[in-house]
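Novice: A predicted structure for the sequence below; I have some questions about it.
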Amino acid sequence: TLNDITVDCSFEVGPQKWKAGTKDDNWYKDVNSSEFVFTVITVNLSATLLEPQGQSFLKGIDNIEIIGTVKDDCGYVSGANVKFIIPQTNYECVATDLGNGTYVCTIPASVHSDWSTGWYDIKMKVTKQYYNGTEILKTNAFFLATKPQFTTAPIILSQQGGNTGGWGETWTFQIYVKDEDYNQVNVSLYINLSTDWELIDSTLISATPTPQLVEFSGHSFNCEHIGTRDVKFVAVDELNYSSTSSIGQMNIEKDDVIITFVSPYSFTLAREGNDNATLTIRVSDADRAVYISANTSYYITYDGTNYLFAGSNVSNENGYSYLTFDPDCNYRVGIQSWKAGTENNGCYKDNLAEIPGAKITLIGQLKNKLNYPYFNQSIPVGDIVNFNISILTDCLNDGLQNETNVSIEIFGPEVYERCEPVEGLG
């Protein structure tokens with residue numbers, strides 16, 4: 001009789017055989033008994049779900065790898081039948097035995113592409129011959145998520161409307177965002193204003209499957225940003241999934257300007273001498289509603305119709321620009337118009353403004369020249385004298401003046417005479 005045989009981990013679980021007999025006895029032959037069967041049993045199998053442990057996966061994009069282990073009282077157990085079951089969908093994933101007590105199974109992305117977003121449980125069901133099976137349930141084992149999505153391209157609106165406007169205008173940027181798993185989503189606006197993307201603004205929204213408008217307004221820029229600039233939005237949800245919108249473009253141009261004529265702006269000037277007038281305008285940035293310092297130019301008609309550049313200046317910090325105009329022989333007599341405004345500025349558009357009342361009346365000076373009789377010429381009494389006079393002006397390029405009213409008066413020692421009629425020779 002042999003008692004107290006310890007069945008330890010050196011025995012495999014399941015049916016085992018035993019026999020007994022004599023051996024190496026001086027008086028008896030070696031002989032064995034018949035074989036007898038006994039069954040080794042153990043505690044219930046122990047299952048552990050290693051992965052996933054509350055991770056998130058993108059619906060229809062990420063494969064979901066499930067990893068579990070099986071043990072008994074002697075260690076890891078291979079050769080078991082393991083299934084991973086998703087209770088919410090009744091999907092069963094038959095695990096692969098890695099031979100070391102570890103069991104793995106992958107749910108392909110194509111399988112869960114039509115599942116709802118949200119939390120999912122995993123049931124791990126283990127069976128093996130001669131073992132008491134087991135099953136465990138891991139609640140909220142993984143979260144099936146979606147990326148936040150932009151449902152429109154960036155919408156870019158300058159103050160004047162559309163994606164073109166001055167750098168000083170107030171700009172608005174819009175886009176529509178949704179997230180099927182109802183996450184908190186951070187939406188950020190980026191603009192490439194030089195050589196790299198710059199964060200301009202951001203906000204946090206409670207996203208839903210219904211697209212909602214995200215708007216960033218009240219933004220303006222600097223003169224150095226003039227040009228075509230790229231715009232994009234980036235959305236990042238609380239699970240750190242992100243999406244980037246398509247690229248939009250904004251055309252930042254020079255600011256518009258307003259020219260105001262400062263009274264008086266109508267003058268009468270003598271072309272001869274130093275008679276002059278100060279032409280004054282005031283310049284403001286129409287997009288920012290502030291007075292500005294800018295390059296200004298002045299133009300005055302020389303023949304009542306065609307303009308001639310008269311001079312330039314820079315408006316002061318209060319927007320005032322002045323030009324002293326002293327007419328010369330480039331300008332004909334009569335009523336001339338003048339205009340003025342911004343020109344050749346890097347930050348502001350050209351705007352040469354004119355108003356109906358901005359007039360300059362130029363007065364010329366007539367001059368006469370006695371061609372005959374000559375100075376100190378002696379004329380016999382009784383001779384007929386034909387006086388010849390040329391009418392000129394203060395400017396030689398005006399030439400002889402034909403349409404003039406001329407009177408000739410003769411003053412002698414004792415007599416005064418008018419020579420009439422005076423005829424023009426053309």
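Specialist: In hand now; what should we look at?
Novice: restricting to C-alpha, output stretch 204-221 in CSV.
Specialist: Written as CSV, here are the backbone C-alpha positions of stretch 204-221 (Å, rounded to 0.1, in the frame of the first residue of the first chain):
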residue,chain,number,x,y,z
LEU,A,204,-14.5,74.7,-27.6
ILE,A,205,-17.8,73.4,-28.8
SER,A,206,-20.1,70.5,-27.8
ALA,A,207,-20.3,68.8,-31.1
THR,A,208,-23.2,66.7,-32.3
PRO,A,209,-24.0,64.6,-35.4
THR,A,210,-25.7,67.7,-36.8
PRO,A,211,-23.3,70.2,-38.4
GLN,A,212,-23.0,73.4,-36.4
LEU,A,213,-21.5,76.7,-37.4
VAL,A,214,-18.2,77.8,-35.8
GLU,A,215,-17.4,81.5,-36.4
PHE,A,216,-14.4,83.6,-35.6
SER,A,217,-15.0,87.3,-36.2
GLY,A,218,-13.4,90.7,-35.5
HIS,A,219,-10.0,89.8,-36.9
SER,A,220,-7.8,92.4,-38.8
PHE,A,221,-4.3,92.2,-40.1
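Novice: that stretch - what's its average pLDDT?
Specialist: The average pLDDT within stretch 204-221 is 97.
Novice: nearest spatial neighbour of residue 71, chain-adjacent residues omitted?
Specialist: Using CB to CB, 6 or more residues apart in numbering and skipping the chain neighbours, the partner closest in space to residue 71 is residue 46 (4.5 Å). Yep, even glycine has a C-beta here, placed from its N, CA and C like the rest.
Novice: how many neighbours does that neighbour have?
Specialist: When counting by other CB atoms under 10 Å, one arrives at 15 neighbours for residue 46.
Novice: what do you get for the one 10 residues further on?
Specialist: Residue 56 has 21 neighbouring residues, counting by other CB under 10 Å.
Novice: do the same with residue 285
Specialist: 21.
Novice: can you name the residues that contact it?
Specialist: Contacts for residue 285 (CB atoms under 8 Å, 6 or more residues apart in numbering) come out as 168, 255, 256, 257, 258, 291, 292, 348.
Novice: list the contacts of the residue nearest to residue 71.
Specialist: Residue 46 makes contact with 70, 71, 72, 134 under the criterion CB under 8 Å, 6+ apart.
Novice: is it correct that the third one is in contact with residue 47?
Specialist: No - counting by CB atoms under 8 Å, residue 72 sits too far from residue 47 to count as a contact (10.7 Å).
Novice: same question for stretch 168-183: list its buried residues.
Specialist: By neighbour count on 16 or more other CB atoms under 10 Å, the buried set for stretch 168-183 is 168-169, 171, 173-181, 183.
Novice: any chance of the backbone angles for the residue nearest to residue 71?
Specialist: The phi/psi pair for residue 46 (degrees, to the nearest 10) reads phi -110, psi 130.
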